[in-house]
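Student: okay, predicted coordinates and the sequence, questions at the end:
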Amino acid sequence: MDIEIYEEILFSYLFLRLPIIFFFSLAALGLEWMRSRLYQGRFYKPFLLNIILAWIPFLLSISAYILFLRSGFNETWTVLVLLAIWFVFFPNSVYLITEVHHFRDRFADDAKDPFWFDNIEILSIVGVGLLIGSHSLAIIHFLLRNHLTNALSWIAIISYVLLANFGIYIGRYLRFNSWDIVRNPINLFKQVINELSVYSKAKALVLYTFLFSFFIITFYLFVNLNIENLYTLGIRIQELQ
């Protein structure tokens with residue numbers, strides 16, 4: 001792999017899309033604000049918080065990427081610290097997908113807002129989570145490829161997505177968050193053990209982890225293939241020149 005070409009393509013691909021993802025995030029929040037105004041509902045403030053939290057790992061991965069491009073292996077420890085924080089916070093990005101859980105009550109027959117409006121809003125929030133999560137993964141995947149073989153980098157990415165979705169289930173249904181890993185690890189561990197000790201709950205946790213991981217990785221493959229195709233094209237153009 002020609003790292004210089006790959007860096008240029010990855011930089012162009014991701015950073016040209018950065019403002020689009022940002023405005024799409026604002027649009028998703030705007031739809032929630034419009035719903036509260038047009039149909040006299042309440043603005044669901046956790047959407048705002050969760051979108052902000054979703055952007056944290058994305059910005060961390062971008063910072064690590066830029067630092068790596070500028071200094072190479074001279075700032076290894078700084079990059080590792082950023083990646084360690086990203087490791088903890090990444091589930092916040094794809095956690096947005098689970099926000100559809102809050103729309104269940106809106107589908108009641110006496111709901112003031114139309115069904116089609118909620119459909120658009122749901123798709124927007126899910127889209128934001130998928131775009132932020134998959135592009136953040138693409139950056140980390142590139143950094144891994146500089147240290148691991150292609151096969152090992154894929155194993156690391158898939159394993160981490162499984163772990164992230166395991167964490168999302170704990171966050172959504174056991175009501176823990178990223179800070180509890182440091183702030184309340186003993187209680188967190190006990191609750192997970194209790195969850196796994198009940199067959200029906202353990203089955204739900206496993207199914208959730210694998211099905212959501214399959215969904216996220218499938219979407220990520222499209223992002224990764226786009227980058228790989230551009231890389232192949234870049235190599236071909238360089239050969240022709």
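Tutor: Perfect, thanks for sending it.
Student: tell me the buried residues in whatever helix or strand Leu152 lives in?
Tutor: Under the criterion of DSSP states H and E, Leu152 resides in helix 150-173. Of the residues in helix 150-173, 153-154, 156-157, 160-162, 164-171 count as buried by neighbour count, 16 or more other Cβ atoms under 10 Å. Where C-beta positions appear, they are placed from N, C-alpha and C, glycine not excepted.
Student: next, the buried residues of whichever helix or strand comes after it.
Tutor: Counting by DSSP H and E, the next helix or strand C-terminal to helix 150-173 is helix 180-183. Across helix 180-183, burial judged by 16+ other Cβ under 10 Å covers Asp180.
Student: kindly report the same for stretch 29-42.
Tutor: 29, 31-32, 35.
Student: which one of those is nearest Asn146?
Tutor: For these, the residue nearest Asn146 by Cβ to Cβ is Leu29; the value is 35.5 Å.
Student: sec struct for that closest one, please.
Tutor: helix (DSSP: H, G, I helix; E, B strand; the rest coil).
Student: His147 too?
Tutor: Criterion first, three-state DSSP; result for His147: coil.
Student: where does it land on pLDDT?
Tutor: Residue-level confidence at His147 comes out at 80, pLDDT.
Student: so what's the residue count around it?
Tutor: 11 (other Cβ atoms under 10 Å).
Student: determine which two of the buried residues of stretch 29-42 are furthest apart.
Tutor: For the buried residues of stretch 29-42, and using Cβ to Cβ, no pair is farther apart than Leu29 and Arg35, which are 10.8 Å apart.
Student: now the buried residues of stretch 29-42 in CSV, with pLDDT and distance to Phe219?
Tutor: As requested, the buried residues of stretch 29-42 are exported to CSV (pLDDT from 0 to 100; distance: Cβ to Cβ, whole Å):
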residue, pLDDT, distance to Phe219
Leu29, 91, 21
Leu31, 89, 21
Glu32, 85, 23
Arg35, 83, 26
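Student: quick one: pLDDT of Lys112?
Tutor: At Lys112, the model reports a pLDDT of 69.
Student: actually Asn150, sorry about that
Tutor: Per-residue pLDDT puts Asn150 at 86.
Student: please apply the same query to Asn224.
Tutor: On the pLDDT scale, Asn224 gets 86.
Student: and Leu211, how far from Val161?
Tutor: Applying Cβ to Cβ, to the nearest Å, the value for Leu211 to Val161 is 12 Å.
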